[in-house]
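Novice: Would you be able to build a 3D model of this:
(chains A, B and C)
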Amino acid sequence: MDVYRFALRNISGNPFRCLVVVLCAGITAGMLLASTLILLGAGQSLSKAIHRLGADIIVVPESAAAQVESALLLGHATNAWMPAAAVGQAAVVPGVQAVSYQIHLATLKNASCCTVSNMFLMVYDPETDFVVTSWLEKNLGTGLGLGEAVGGSNVFTPAGEKNIKVYGYPITLRGNMEPTGTGLDSSLFLTLETALEIARESVIRAEAPLVIPEGSISTIMIKVRPEYDIGSVARQVAARIPAVKALAAPEMFQSQRAELEGLRNGVILLLVITTGFSLVLVGLVFSMALNERRRELGVVRAIGAPRSFVFRTLLVEAGFLGFQGGAAGSAITILALILFRRLIIATYGIPFLTPSLPMMMILIAGSLTGSLSGVLLAALIPAYRISHEDPTIAMRE
Amino acid sequence: MKWIGILFALMALVIGLVPQFTNCSAQGRAIQLPDGRSMPMKCHWTANATPVIAAPLLVAGILLFFSRGQEARRGLSLLGSILGFAAILLPTWLIGVCANDEMVCRLAMEPTLIFSGTVSAAAGLFGLFLARKNPAGNVD
Amino acid sequence: MIVLENVTKIFPRTRTGKAVAALKEANLEIQPGAFLVITGRSGSGKTTLLNLAAGLTRPTAGKVLFHGEDWWTLPDRIRSLERARKIGFIFQFPSLLPSLTSLENVALPAFFDLSEDAREAYTRARELLCSLDLGDKLGAYPRQLSAGQQQRVVIARALLGRPELLLADEPTSDLDDQTECEIMELLKRIHENTRTTIVLVTHSTQPVRYGTQSIHMAAGQVIPGPMAGDDAVKLL
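Specialist: All right, here's what the predicted structure looks like:
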């Protein structure tokens, strides 16, 4: 029998105290972990999305700038167009290394229950593209042919079929890109040639035809020379092309970043309140439980236990309960976040990518440490008071 | 032990009720056949099967709440654990749900069943541990 | 063995809100081998005298010497160790820890002394319980024992370290007459067989005949009682 075993035996004596401390520790650890995971996951997701877009500057129609950013994040195409001639205007801006364009289209909604619906079609020009082509060369070794496409991580060929039907046209899925946690994971990249073919065939094959406005594009992707400042080039592009907005990649998704900032502040406030409340509750419950055990602890002192033994035992009891609660809270939080990740994205419109395993372990360790420290802190004063009390007074109670 | 019984009962309610509102049929969606008829999808059958797990889990939880004997507690904990695992397997292997990530059965029903199944299974295993044999007089 | 020199103990606050002088200028010397019975009404200071003798509570004035050393010049850790090794306690109230079995309760004092071997402690605890007819109750929890059985477990715990001094605070007050006799006979046997010094506090007169000496307490003061046999107890 040592301090640890003695503490373990004592824990079972007061189920109410156990429940309260474990719940408080669990909630604290869970909230800490959930908030850090979501904020970190959202940040990582935004970074990956920017990296996936691949361009230093993205030019979009000015009237739909915010919509386009949301659309990219959530995977919904917008009806925002600009003249294809803008590509040539952008190409001559000093500092521009490469220019390409994309056309954003959407599949029919609810076309079929078991194929991918609401896909974001990103049509690119293989002659000038520098985003998708490099990925294709690196991962597939070739470009895309007619009737072929590459999808985000959520896109798949339905079971039992060889193709994905897009407006009734069979598309062969050549591969999937890494997840970003955004709507780009539901996007399908295909060449202009394939898109035009789909549009032509959709008149016969699809419930409604695909219409690609002639002479119009959705976005212009610009690669900037290394020696030029991206912001400066973006301003020049916006000045040269009327009715557009030039978004420098580092500044993309500003509204979403602002939302995350607001979310973070709200979460921190909630965390502080919850932790404070938990600390007070744990301290109270511990105090009450120890008061009930005053005589018992007085006896332990009387038969030869030094103050330090009693003090350490009480802290170990608190530590056990805090660890149990923290571990359970962390486990439940991780499980819920992984399982309900898609629901969180769909419901709250925030991008979210599960952090890597090493990062998750660090965050779990952090939340466990936080909840354990909180419980120990809350139990410190009652434990000290009881262990240093005159045993004869304690035994008289 | 009582709290494990309460947990079983709560998870039983979740397993039995949530799928009834989060399968695609409940949202009015079905497979349209060429001859014009519609056919329910996999998630519909998964939702139909969940009460078969939920009902015995609820009973196990209630019995566990009131039971005192170690043998009974061991048996009920084991039952709860097995039913928890069944709840996990139902949407993932036994029957399944739709493949499309955006369908409500994938967004809500499947994760709910896996989550509540995991909680039940873990609680059941913990209950088995608590109700293990411990002869009197054992020295640590 | 134990010397109280002009010891006064005042409790600063009680439920009535007033300070209470539980012991007033007590002078007492207890030699090894005595079986001292202290009688007195409730509130006369008997338990306080016992607690002072064990170094459990600090005197407001005066000194309490254990083997010539003032208890309160020793650090808490040493004081506690001395109690664990040399003093056994038998309390009036049920004092077994409810979360431990009989065997664990008896062996508990040994675990405060890091130099003690755990196996040896459990072996001795088992022997003591068997010698007190509790061999079949090793794994029983206090709630599974009768009052008399619990008190015998407490006695076994008190005897674990082969103490020099046994302090018993009204050990039979909650017991029926027959069980009281059994416990008192047991204490008498322990005194006769091992010459352990016993100080027993009681409000009844029955246990007096089991002791070798007796003193009476009233209103915090020690009053000379009948001194029979050797003068193992002196009023200074």
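
Novice: List the contacts of residue 99.
Specialist: Reading this off chain A. Residue A:99 is in contact with A:87, A:90, A:91, A:128, A:220, A:221, A:222, A:223, counting by C-beta atoms under 8 Å, 6 or more residues apart in numbering or on different chains. In this view, the C-beta of every residue, glycine as well, is placed from N, C-alpha and C.

Novice: The chain in question should be chain C.
Specialist: The neighbours of residue C:99, taking C-beta under 8 Å, 6+ apart as the test, are A:9, A:10, A:12, A:13, C:141.

Novice: is it true that the last one touches residue C:101?
Specialist: Yes. Checked against C-beta atoms under 8 Å, the pair residue C:141 and residue C:101 is within contact range at 5.9 Å.

Novice: higher neighbour count, the two?
Specialist: A direct count of neighbours by other C-beta atoms under 10 Å in any protein chain shown for residue C:141 and residue C:101 places residue C:101 higher, at 23 against 17.

Novice: what about the host helix or strand of residue A:4, distance to the chain center?
Specialist: Using DSSP states H and E, residue A:4 sits within helix A:3-11. Relative to its chain's centre, helix A:3-11 lies at 41 Å (C-alpha atoms, centre = their mean, to the nearest Å).

Novice: now the following helix or strand past that helix and helix A:3-11, what's the angle there?
Specialist: Once helix A:3-11 ends, the next helix or strand along the chain (criterion: DSSP H and E) is helix A:15-53. When axes from the mean of the first three to the mean of the last three C-alpha atoms, to 10 degrees is applied, the directions of helix A:15-53 and helix A:3-11 differ by 110 degrees.

Novice: so what does helix A:15-53 touch, helix or strand wise?
Specialist: Applying 3 or more C-beta pairs under 8 Å, 6 or more residues apart in numbering or on different chains; DSSP states H and E, one finds that helix A:15-53 contacts helix A:65-74, helix A:254-292, helix A:307-339, helix A:357-387.

Novice: orientation of the first one relative to helix A:15-53 in degrees?
Specialist: Using the same axes, to 10 degrees, one finds that helix A:65-74 and helix A:15-53 are set 110 degrees apart in direction.

Novice: Also the last one?
Specialist: With the same axes, to 10 degrees applied, the angle from helix A:357-387 to helix A:15-53 works out at 150 degrees.

Novice: so who does the most centrally placed residue in chain C touch?
Specialist: With distances taken as C-alpha atoms, centre = their mean, the residue of chain C nearest its centroid is residue C:167 (1.5 Å). Shown in contact with residue C:167 (C-beta under 8 Å, 6+ apart): C:50, C:53, C:54, C:87, C:88, C:89, C:90, C:199.

Novice: now with 7 Å?
Specialist: Neighbour list for residue C:167: C:50, C:53, C:54, C:87, C:89, C:199 [criterion: C-beta atoms under 7 Å, 6 or more residues apart in numbering or on different chains].

Novice: Would you verify that the fifth one is located in a strand?
Specialist: Yes. Residue C:89: assigned to a strand according to DSSP: H, G, I helix; E, B strand; the rest coil.

Novice: That one contacts residue A:303, doesn't it?
Specialist: Yes. Proximity of residue C:89 to residue A:303 meets the contact threshold set by C-beta atoms under 7 Å, at 5.6 Å.

Novice: what's the spacing between residue A:106 and chain C?
Specialist: Distance of residue A:106 to chain C, given as C-beta to the nearest C-beta, to the nearest Å: 66 Å.

Novice: what number of residues lie near that residue?
Specialist: Counted by other C-beta under 10 Å, the residues lying close to residue A:106 total 17.

Novice: Quick check: phi and psi on it?
Specialist: Main-chain dihedrals, residue A:106, degrees, to the nearest 10: phi -130, psi 150.

Novice: does it have beta-bridge partners, and which?
Specialist: residue A:120 (DSSP bridges).

Novice: in chain B, what residue is nearest chain A?
Specialist: Distances between chain B and chain A by C-beta to the nearest C-beta are smallest at residue B:111, namely 3.5 Å.

Novice: Could you pull up the residues touching the nearest residue to that residue once chain neighbours are set aside?
Specialist: Leaving out its chain neighbours, the residue that sits closest to residue B:111 by C-beta to C-beta, 6 or more residues apart in numbering or on different chains is residue A:339, at 3.5 Å. If you count contacts by C-beta under 7 Å, 6+ apart, residue A:339 has them with B:111, B:114, B:115.

Novice: Ok, residue B:5 next?
Specialist: B:61, B:62, B:64, B:65.

Novice: do residue A:347 as well
Specialist: Residue A:347 makes contact with no residue under the criterion C-beta under 7 Å, 6+ apart.

Novice: which helices and strands does the helix or strand hosting residue C:154 pack with?
Specialist: Using DSSP H and E, residue C:154 maps to helix C:147-159. Where contact means 3 or more C-beta pairs under 7 Å, 6 or more residues apart in numbering or on different chains; DSSP states H and E, helix C:147-159 is packed against strand C:87-90, helix C:102-107, helix C:118-131, helix C:177-194.

Novice: pLDDT averaged over whichever helix or strand comes after that helix - what is it?
Specialist: Where DSSP H and E defines the elements, the next helix or strand beyond helix C:147-159 is strand C:165-169. Strand C:165-169 comes out with an average pLDDT of 91.

Novice: Of all residues in chain A, which one is closest to chain B?
Specialist: Taking C-beta to the nearest C-beta, chain A has residue A:339 as its residue nearest chain B, at 3.5 Å.

Novice: follow-up on the earlier one: which of the contacts of residue A:339 fall in helices?
Specialist: Using DSSP state H, the members of the contacts of residue A:339 that fall within helices are B:111, B:114, B:115.

Novice: Provide a ChimeraX selection command restricted to the buried entries of the residues you listed.
Specialist: If you want just the buried ones from those in ChimeraX, going by 16 or more other C-beta atoms under 10 Å in any protein chain shown, the selection is:
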select /B:111,114,115
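
Novice: Listing request: residues of the chain with sub-threshold pLDDT.
Specialist: Reading this off chain A. A:1, A:73-77, A:108-118, A:397 (pLDDT under 70).

Novice: looking at chain C here, not the other one
Specialist: Applying pLDDT under 70 to chain C picks out residues C:13-17, C:114-116, C:224-236.

Novice: Show me what from it comes close to chain B.
Specialist: Within chain C, the positions near chain B by C-beta under 7 Å from any C-beta of the partner chain are C:103, C:122, C:138, C:139, C:140.

Novice: what's the neighbour count on the first one?
Specialist: Residue C:103 is surrounded by 25 other residues when neighbours are defined as other C-beta under 10 Å.

Novice: residue contacts, residue C:161?
Specialist: Residue C:161 makes contacts with C:84, C:85, C:109, as judged by C-beta under 7 Å, 6+ apart.

Novice: mind checking the backbone torsions on the spatially closest residue to residue C:221 that is not a sequence neighbour?
Specialist: In space, and not counting its chain neighbours, residue C:221 is closest to residue C:24: 5.4 Å by C-beta to C-beta, 6+ apart. Here is the backbone geometry of residue C:24 (degrees, to the nearest 10): phi -120, psi 110.
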